[in-house]
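[1] coords below, sequence missing:
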């Protein structure tokens, strides 16, 4: 596939693109980003090796799909992308999109897709219509859930990395995707933020039921209980998953809510406390580890931060990209015994 | 209108019907309920005076609409109601429904409505697509919000009664509806439980912005932070409304979550604490009164319960139906000064 980030390649907005490149590089033929054309993916994002960055579809290696690789607030497609998407459709590429605004509901895209016999895949599209029932949950399956003090700080990456490490250790673990990026990485899941509000916990419970044949499931978190926009999604998901344990994620150095600079982030200890209170309304649960996203800091600074947090919260703490997720995997294994 | 409760006339399932009869009796020509045909509304529900209960549409006084007056879990229409709704359509009645399953999406209903030139009004239908922004909130408008330990225990009634009493006291107050029943009573509002999860707080914020020209708004709560199915709706609404004060509602004698007998309700003090913690993540807020729904108990029992709760929580407590909402209105007025 060709991953479209054109003009939106900062780590926050392009998180869908970056995660797909990180975890499914074999699927990515090129990145479409006119300002960076001629460079490599590694130069642009720090990952993805020699995958080329191109400035036109004609310059890209052969591909059969275009991925709209950004997640803007509100989920609308940038208008300047319209001609690119239309050209991709006319070239016969399947279009994958995780945006809230569905491609299939756009008359121009829908007409073009029909004309060229092309599929428009809206990853967030769903027909969830069931409430949670609390029936048939398998006690022997350990449910781990990644949560955070804000959105876009590494909940999905922590969940994927932790799952991979558990598998390396011989644990029968599965990553469970709950957002458009996770779904593109995992190949299945439910976009819970796009579910009708009454059915979020029901959709989350269904994901658990579908995956609980594994010994451990690591369910990707969404949003944050502390986010003015998305806290309802987070709580509905938390109460549908009924986790046994939480991994608390945050981005080092961030002081305000992503995209809402006037809203200060709460101290980590308070974040831990409130998540534990909220989770325990439904099922005994505690935070067992902290995943620090230290992408803006040096090795030494991140190491010092992890030490500080370990001391202050008394929890294993690491940057899963820089240090690997071993400490978190060990905390999970300990819980299994 | 004719209110359809046929076979589902218990106070919980028929809450939409009962609230419309309570607050808009002048709009109700008859109740359709075959098992109780020939009785009066007062005999069936304890309210609604001499409004007749009928066993067929032919027996009903003249009407121009049929209201589907129940709120079953999951929101699906009972199959045995299909012929009744089809007959109402063939008689030219507008059909109002607050169910999750939209009438307009039902091929048989849609075809019949088209044939007879009849409107199908799905009260829960919405196109909310905006996130909360925290912009333009008017500080001078006091935001009151009713919350509860469970669903279906009187949050809407407490909000309506409190608003009416504040108006009687000369306060410029407005009731703000957030559910299908409240919308039918108030004539406007947003069915937040039917909004896409990401946009619940945004929809709630819009309701505040649209009503904050009043001195006080009393925003109807939905679900409960303690409800395994709907807690996400409740938190999204709470964080979108950013209330200054909460009225805590519960039904006396209830010990388990409505419809989930295996889930015990939390002690009231814990309910208060958790709501205050959750609300204060966004805006300073405290519980200022308790609304007891004592419908299953005697006057003396309810009086004793209110005394006990007043003593234990140190908050003005009343049954708004039995005692009137004066104590709560006084608590609001005190907050305004």
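    Cool, got the structure. Quick caveat: nothing in here was measured; it's all calculated off a predicted structure.

[2] would you map the helices across chain A?
    A:15-23, A:41-45, A:82-90, A:107-116, A:155-168, A:180-186, A:200-211, A:231-241, A:268-280, A:299-313, A:326-336 (DSSP state H).

[3] and those helices as TSV, adding distance to chain B and mean neighbour count?
    For the C-beta atoms, the positions are set from N, CA and C on the backbone; glycine is no exception. What follows is the helices of chain A, written out as TSV (distance: least, Cβ to the nearest Cβ, whole Å; neighbours: other Cβ atoms under 10 Å in any protein chain shown):
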stretch	distance to chain B	mean neighbour count
helix A:15-23	15	24
helix A:41-45	26	19
helix A:82-90	19	18
helix A:107-116	16	14
helix A:155-168	16	24
helix A:180-186	11	24
helix A:200-211	5	23
helix A:231-241	2	30
helix A:268-280	6	19
helix A:299-313	19	15
helix A:326-336	23	19
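
[4] report the separation between residue A:123 and residue A:69.
    11 Å (Cβ to Cβ, to the nearest Å).

[5] more crowded one of those two?
    When residue A:123 and residue A:69 are compared for neighbours, residue A:69 comes out ahead with 31 against 23, by other Cβ atoms under 10 Å in any protein chain shown.

[6] list the residues that contact residue A:67.
    A:1-4, A:16-17, A:20, A:96-97, A:184 (Cβ atoms under 8 Å, 6 or more residues apart in numbering or on different chains).

[7] and the pLDDT for the closest residue to chain B within the stretch 1-150 of chain A?
    Per Cβ to the nearest Cβ, the residue of the stretch 1-150 of chain A with the smallest distance to chain B is residue A:131, at 4.4 Å. Model confidence at residue A:131, expressed as pLDDT, equals 94.

[8] just to check, it is in contact with residue B:229?
    Yes - when contacts are counted by Cβ atoms under 8 Å, residue A:131 is listed as touching residue B:229 (4.4 Å).

[9] more neighbours: these two, which one.
    Each of residue A:131 and residue B:229 has its neighbours counted (other Cβ under 10 Å); residue B:229 has more, 31 against 23.

[10] what's the domain layout of chain A?
    Recorded structural domains for chain A (assignment: automatic domain parsing) are A:2-122, A:142-336.

[11] mean pLDDT lowest for which of these?
    Among the domains of chain A, domain A:2-122 scores lowest, at a mean of 94.

[12] compute the first-to-last residue distance for it.
    Criterion Cα to Cα, to the nearest Å; first-to-last residue distance in domain A:2-122 is 16 Å.

[13] got the buried residues for stretch A:119-130?
    By neighbour count, with 16 or more other Cβ atoms under 10 Å in any protein chain shown as the criterion, the buried positions of stretch A:119-130 are A:120, A:122-124, A:128-130.

[14] before we move on, back to that, export the domains of chain A to JSON lines and tack on distance to residue B:317?
    As requested, those are arranged in JSON lines below (distance: least, Cβ to Cβ, whole Å):
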{"stretch": "domain A:2-122", "distance to residue B:317": "42"}
{"stretch": "domain A:142-336", "distance to residue B:317": "23"}
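
[15] distance of residue A:103 relative to residue A:88?
    The spacing between residue A:103 and residue A:88, counted by Cβ to Cβ, is 11 Å.

[16] next up, the contacts around residue A:5.
    Contact criterion Cβ under 8 Å, 6+ apart gives A:14, A:17, A:31-33, A:69-70 as the residues in contact with residue A:5.

[17] from the residues you listed, which land in strands?
    Among the contacts of residue A:5, the subset assigned to strands under DSSP state E consists of A:31-32.

[18] so in terms of bridging, what pairs with the closest residue to residue A:102 other than its chain neighbours?
    Here the nearest residue to residue A:102 in space, its sequence neighbours aside, is residue A:122; by Cβ to Cβ, 6 or more residues apart in numbering or on different chains that works out to 4.3 Å. Residue A:122 has these beta-bridge partners by DSSP bridges: residue A:97.

[19] measure stretch A:179-196 end to end?
    Between the opening and closing residues of stretch A:179-196 there is a gap of 14 Å (Cα to Cα).
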